[in-house]
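K.L.:
Sequence and predicted structure, then a few things I'm wondering about:
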Amino acid sequence: MNVIIYGTGKMAEFICYSFTKDSPYNVVAFCVDDAYVPPAGSTLQNLPILSFAQVTKDFPPDAHKMHIAIGRNSARESVYNKVSAAGYGFASYVSSKANVWPDLVMGHNTFIDQCCDIQPFVTIGNNCMLIGSRIGHHCTLEDNVLLSGNILAGNVTVGQNSFLGINSAVKEDVIIGTHNIIGAGVFINKNTEDYAIITNASAPQRIGDSKRFVMFTKAQEAKPA
(Lines give C-alpha, C1' and ligand atoms only; values in the text may rest on other atoms or scores of the structure.)
Protein backbone atom coordinates (compact mmCIF):
# COMPACT_ATOMS: atom_id res chain seq x y z
CA MET A 1 0.00 0.00 0.00
CA ASN A 2 1.29 3.48 -0.86
CA VAL A 3 1.51 6.15 1.83
CA ILE A 4 2.05 9.92 1.78
CA ILE A 5 3.87 11.57 4.69
CA TYR A 6 2.25 14.86 5.72
CA GLY A 7 5.03 17.17 6.94
CA THR A 8 8.60 17.93 5.95
CA GLY A 9 10.37 18.59 9.27
CA LYS A 10 12.97 16.42 10.98
CA MET A 11 10.21 14.32 12.53
CA ALA A 12 8.74 13.69 9.09
CA GLU A 13 12.14 12.62 7.77
CA PHE A 14 12.56 10.20 10.67
CA ILE A 15 9.07 8.79 10.19
CA CYS A 16 9.55 8.42 6.43
CA TYR A 17 12.80 6.53 7.02
CA SER A 18 11.05 4.24 9.52
CA PHE A 19 8.22 3.44 7.11
CA THR A 20 10.65 2.86 4.25
CA LYS A 21 13.05 0.56 6.11
CA ASP A 22 10.69 -1.22 8.47
CA SER A 23 7.12 -1.51 7.15
CA PRO A 24 5.17 -2.94 4.22
CA TYR A 25 4.24 0.57 3.09
CA ASN A 26 5.72 2.32 0.07
CA VAL A 27 6.24 6.04 0.70
CA VAL A 28 5.53 7.94 -2.53
CA ALA A 29 5.51 11.65 -1.55
CA PHE A 30 5.62 14.30 1.15
CA CYS A 31 2.71 16.68 1.61
CA VAL A 32 2.51 20.20 3.07
CA ASP A 33 -0.21 22.80 3.50
CA ASP A 34 -0.89 24.69 0.30
CA ALA A 35 0.58 27.90 1.78
CA TYR A 36 3.97 26.24 2.37
CA VAL A 37 4.60 24.54 -0.95
CA PRO A 38 8.28 24.86 -2.02
CA PRO A 39 9.31 25.58 -5.63
CA ALA A 40 8.17 23.06 -8.24
CA GLY A 41 10.43 20.02 -8.38
CA SER A 42 11.50 20.20 -4.73
CA THR A 43 12.20 16.86 -3.11
CA LEU A 44 12.97 15.33 0.29
CA GLN A 45 14.66 11.93 0.51
CA ASN A 46 14.28 11.81 -3.29
CA LEU A 47 10.49 12.07 -2.99
CA PRO A 48 8.37 14.98 -4.30
CA ILE A 49 7.03 17.62 -1.89
CA LEU A 50 3.49 18.45 -2.94
CA SER A 51 0.61 20.60 -1.79
CA PHE A 52 -2.41 18.92 -0.28
CA ALA A 53 -4.44 19.99 -3.31
CA GLN A 54 -1.93 18.34 -5.64
CA VAL A 55 -1.83 15.17 -3.55
CA THR A 56 -5.61 14.78 -3.71
CA LYS A 57 -5.35 15.08 -7.50
CA ASP A 58 -2.35 12.79 -8.12
CA PHE A 59 -2.69 10.29 -5.24
CA PRO A 60 -6.39 9.54 -4.68
CA PRO A 61 -7.56 8.08 -1.35
CA ASP A 62 -8.77 4.82 -2.85
CA ALA A 63 -5.17 3.76 -3.49
CA HIS A 64 -3.19 5.75 -0.90
CA LYS A 65 -3.05 6.31 2.83
CA MET A 66 -1.65 9.24 4.81
CA HIS A 67 0.52 9.51 7.88
CA ILE A 68 0.55 12.86 9.69
CA ALA A 69 4.14 13.41 10.83
CA ILE A 70 3.74 16.64 12.82
CA GLY A 71 4.91 16.84 16.42
CA ARG A 72 2.65 19.59 17.78
CA ASN A 73 -0.57 17.97 18.97
CA SER A 74 -3.00 20.71 17.95
CA ALA A 75 -1.51 21.00 14.46
CA ARG A 76 -1.46 17.22 14.02
CA GLU A 77 -5.11 17.03 15.09
CA SER A 78 -6.15 19.77 12.65
CA VAL A 79 -4.40 18.11 9.71
CA TYR A 80 -5.75 14.69 10.73
CA ASN A 81 -9.31 16.02 10.59
CA LYS A 82 -8.71 17.71 7.22
CA VAL A 83 -7.18 14.60 5.69
CA SER A 84 -9.94 12.38 7.09
CA ALA A 85 -12.60 14.69 5.66
CA ALA A 86 -10.94 14.31 2.24
CA GLY A 87 -11.58 10.57 2.42
CA TYR A 88 -8.10 9.28 3.21
CA GLY A 89 -7.34 6.39 5.51
CA PHE A 90 -4.31 6.46 7.77
CA ALA A 91 -1.19 4.34 8.06
CA SER A 92 0.17 3.50 11.50
CA TYR A 93 3.69 2.35 12.28
CA VAL A 94 5.00 0.08 15.05
CA SER A 95 8.73 -0.53 14.91
CA SER A 96 9.76 -4.16 14.65
CA LYS A 97 12.38 -3.28 17.28
CA ALA A 98 9.81 -2.05 19.82
CA ASN A 99 8.74 -4.32 22.68
CA VAL A 100 5.00 -4.64 22.09
CA TRP A 101 2.56 -7.32 23.22
CA PRO A 102 0.00 -8.78 20.76
CA ASP A 103 -3.04 -7.49 22.67
CA LEU A 104 -2.16 -3.85 22.05
CA VAL A 105 -5.21 -1.84 20.93
CA MET A 106 -4.17 1.02 18.67
CA GLY A 107 -6.00 3.68 16.70
CA HIS A 108 -5.31 5.27 13.32
CA ASN A 109 -2.23 7.35 12.45
CA THR A 110 -0.22 6.15 15.43
CA PHE A 111 3.59 6.05 15.44
CA ILE A 112 5.59 3.88 17.87
CA ASP A 113 9.37 4.04 17.51
CA GLN A 114 12.04 1.42 18.14
CA CYS A 115 12.81 2.47 21.72
CA CYS A 116 9.28 1.95 23.09
CA ASP A 117 8.43 -0.73 25.63
CA ILE A 118 4.69 -1.36 25.97
CA GLN A 119 3.26 -3.84 28.48
CA PRO A 120 0.00 -5.82 28.05
CA PHE A 121 -3.54 -4.38 28.29
CA VAL A 122 -2.63 -1.02 26.75
CA THR A 123 -4.98 1.05 24.58
CA ILE A 124 -3.70 3.86 22.34
CA GLY A 125 -6.09 6.25 20.61
CA ASN A 126 -5.95 7.88 17.20
CA ASN A 127 -3.19 10.20 16.02
CA CYS A 128 -0.65 9.48 18.79
CA MET A 129 3.15 9.60 18.74
CA LEU A 130 5.30 7.54 21.10
CA ILE A 131 9.03 8.23 21.02
CA GLY A 132 11.23 6.21 23.39
CA SER A 133 8.52 5.69 25.99
CA ARG A 134 7.82 2.91 28.49
CA ILE A 135 4.12 2.26 28.96
CA GLY A 136 2.94 0.17 31.91
CA HIS A 137 0.13 -2.37 31.87
CA HIS A 138 -3.53 -1.25 31.63
CA CYS A 139 -2.59 2.27 30.48
CA THR A 140 -4.86 4.27 28.18
CA LEU A 141 -3.74 7.05 25.86
CA GLU A 142 -6.53 9.14 24.41
CA ASP A 143 -6.39 10.79 20.96
CA ASN A 144 -3.66 13.20 19.81
CA VAL A 145 -1.16 12.37 22.58
CA LEU A 146 2.61 12.78 22.24
CA LEU A 147 4.96 10.95 24.61
CA SER A 148 8.69 11.61 24.42
CA GLY A 149 11.15 9.55 26.44
CA ASN A 150 9.01 9.12 29.53
CA ILE A 151 7.64 6.36 31.81
CA LEU A 152 4.04 5.57 32.68
CA ALA A 153 3.43 3.14 35.56
CA GLY A 154 0.48 0.75 35.44
CA ASN A 155 -3.12 1.87 34.91
CA VAL A 156 -2.34 5.46 33.91
CA THR A 157 -4.69 7.43 31.69
CA VAL A 158 -3.36 10.27 29.54
CA GLY A 159 -6.05 12.68 28.36
CA GLN A 160 -6.39 13.77 24.76
CA ASN A 161 -3.95 16.29 23.28
CA SER A 162 -1.50 15.99 26.17
CA PHE A 163 2.30 16.05 25.87
CA LEU A 164 4.75 14.41 28.28
CA GLY A 165 8.38 15.44 27.96
CA ILE A 166 11.72 13.68 28.29
CA ASN A 167 12.40 11.85 31.56
CA SER A 168 8.96 12.62 32.97
CA ALA A 169 7.24 9.84 34.91
CA VAL A 170 3.71 9.13 36.09
CA LYS A 171 2.77 7.11 39.17
CA GLU A 172 0.35 4.18 38.88
CA ASP A 173 -3.41 4.81 38.76
CA VAL A 174 -2.98 8.51 37.92
CA ILE A 175 -5.14 10.36 35.39
CA ILE A 176 -3.44 13.05 33.31
CA GLY A 177 -6.00 15.62 32.20
CA THR A 178 -6.64 16.74 28.64
CA HIS A 179 -4.35 19.25 26.89
CA ASN A 180 -1.65 18.90 29.57
CA ILE A 181 1.99 19.86 29.08
CA ILE A 182 4.24 17.86 31.40
CA GLY A 183 7.79 19.19 31.33
CA ALA A 184 11.07 17.29 31.19
CA GLY A 185 12.01 15.43 34.35
CA VAL A 186 8.67 15.99 36.12
CA PHE A 187 7.25 13.25 38.37
CA ILE A 188 3.44 13.18 38.52
CA ASN A 189 2.00 11.41 41.58
CA LYS A 190 -1.61 12.62 41.51
CA ASN A 191 -4.34 13.41 39.00
CA THR A 192 -3.93 16.62 37.01
CA GLU A 193 -6.52 19.15 35.85
CA ASP A 194 -7.33 19.73 32.18
CA TYR A 195 -5.06 22.29 30.45
CA ALA A 196 -2.40 22.03 33.17
CA ILE A 197 1.23 22.97 32.54
CA ILE A 198 3.58 21.32 35.04
CA THR A 199 7.32 21.89 35.20
CA ASN A 200 10.04 21.46 37.76
CA ALA A 201 11.34 24.49 39.64
CA SER A 202 14.06 26.18 37.66
CA ALA A 203 17.62 26.01 38.90
CA PRO A 204 20.69 27.84 37.56
CA GLN A 205 22.83 25.64 35.38
CA ARG A 206 26.43 25.33 36.51
CA ILE A 207 28.91 25.84 33.69
CA GLY A 208 32.56 25.27 34.48
CA ASP A 209 35.87 24.72 32.75
CA SER A 210 36.87 21.07 32.42
CA LYS A 211 40.57 22.03 32.42
CA ARG A 212 40.23 22.78 36.15
CA PHE A 213 39.46 19.13 36.96
CA VAL A 214 42.33 16.70 37.50
CA MET A 215 40.46 13.81 35.89
CA PHE A 216 40.59 15.68 32.56
CA THR A 217 44.08 17.17 32.82
CA LYS A 218 46.23 14.68 34.75
CA ALA A 219 47.31 12.77 31.65
CA GLN A 220 48.28 15.97 29.89
CA GLU A 221 50.38 17.16 32.84
CA ALA A 222 52.21 13.87 33.44
CA LYS A 223 55.93 14.13 32.66
CA PRO A 224 57.96 11.31 31.11
CA ALA A 225 60.19 9.38 33.54
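P.N.:
Okay, I see it.
K.L.:
quick one, what contacts Val156?
P.N.:
Val156 is in contact with Gly136, Cys139, Thr140, Val170, Lys171, Glu172, Asp173, Val174, Ile175, Ile176, counting by C-beta atoms under 8 Å, 6 or more residues apart in numbering. Just so you know, the C-beta spots here come from the backbone N, C-alpha and C atoms, and that holds for glycine as well.
K.L.:
Return a ChimeraX selection command for the buried portion of those.
P.N.:
Entered in ChimeraX, the line below selects the buried ones among the contacts of Val156, by 16 or more other C-beta atoms under 10 Å:
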select :136,139,140,170,174,176
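K.L.:
Can you tell me which of the contacts of Val156 end up in helices?
P.N.:
Nothing among those maps onto helices, per DSSP state H.
K.L.:
how many neighbours does Ala85 have?
P.N.:
When neighbours are defined as other C-beta atoms under 10 Å, Ala85 has 8 of them.
K.L.:
mind listing what Asn155 touches?
P.N.:
Shown in contact with Asn155 (C-beta under 8 Å, 6+ apart): Gly136, His137, His138, Cys139, Glu172, Asp173.
K.L.:
And the contacts of Val156, which is closest to Cys115?
P.N.:
Of all those, Cys115 sits closest to Gly136, with 15.8 Å by C-beta to C-beta.
K.L.:
Which secondary structure element is home to the closest residue to that closest one other than its chain neighbours?
P.N.:
Excluding its sequence neighbours, the residue lying closest to Gly136 (C-beta to C-beta, 6 or more residues apart in numbering) is Gly154, at 4.0 Å. Per DSSP states H and E: Gly154 is located in neither a helix nor a strand.
K.L.:
And the pLDDT at Gly154?
P.N.:
The model reports Gly154 with a pLDDT of 97.
K.L.:
Specify which member of the contacts of Val156 is nearest to Tyr36.
P.N.:
If you rank the contacts of Val156 by distance to Tyr36 using C-beta to C-beta, Ile176 comes first, at 32.0 Å.
K.L.:
Specify the beta-bridge partners of that closest one.
P.N.:
Beta bridges link Ile176 to Val158 when assigned by DSSP bridges.
K.L.:
Spit out the contact partners of it.
P.N.:
Ile176 touches Val156, Thr157, Val158, Gly159, Ser162, Leu164, Val170, Ile182, Ile188, Asn191, Thr192, counting by C-beta under 8 Å, 6+ apart.
K.L.:
hang on, the earlier thing: in strands, which of the contacts of Val156 fall?
P.N.:
Among these, DSSP state E puts Thr140, Val170, Ile175, Ile176 in strands.
K.L.:
Kindly give a single PyMOL line that selects the buried subset of the contacts of Ile176.
P.N.:
Here is the PyMOL selection string for the buried members of those, based on 16+ other C-beta under 10 Å:
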select buried, resi 156+157+158+159+162+164+170+182+188+192
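K.L.:
Of the contacts of Ile176, which is the nearest to Gln119?
P.N.:
Distances from Gln119 to those, taken by C-beta to C-beta, are shortest for Val156, at 11.1 Å.
K.L.:
okay if I get the contacts of Asn155 as JSON lines plus pLDDT and distance to Phe19?
P.N.:
Shown next, in JSON lines, are the contacts of Asn155 (pLDDT from 0 to 100; distance: C-beta to C-beta, whole Å):
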{"residue": "Gly136", "pLDDT": "98", "distance to Phe19": "27"}
{"residue": "His137", "pLDDT": "98", "distance to Phe19": "28"}
{"residue": "His138", "pLDDT": "98", "distance to Phe19": "29"}
{"residue": "Cys139", "pLDDT": "98", "distance to Phe19": "25"}
{"residue": "Glu172", "pLDDT": "98", "distance to Phe19": "34"}
{"residue": "Asp173", "pLDDT": "98", "distance to Phe19": "35"}
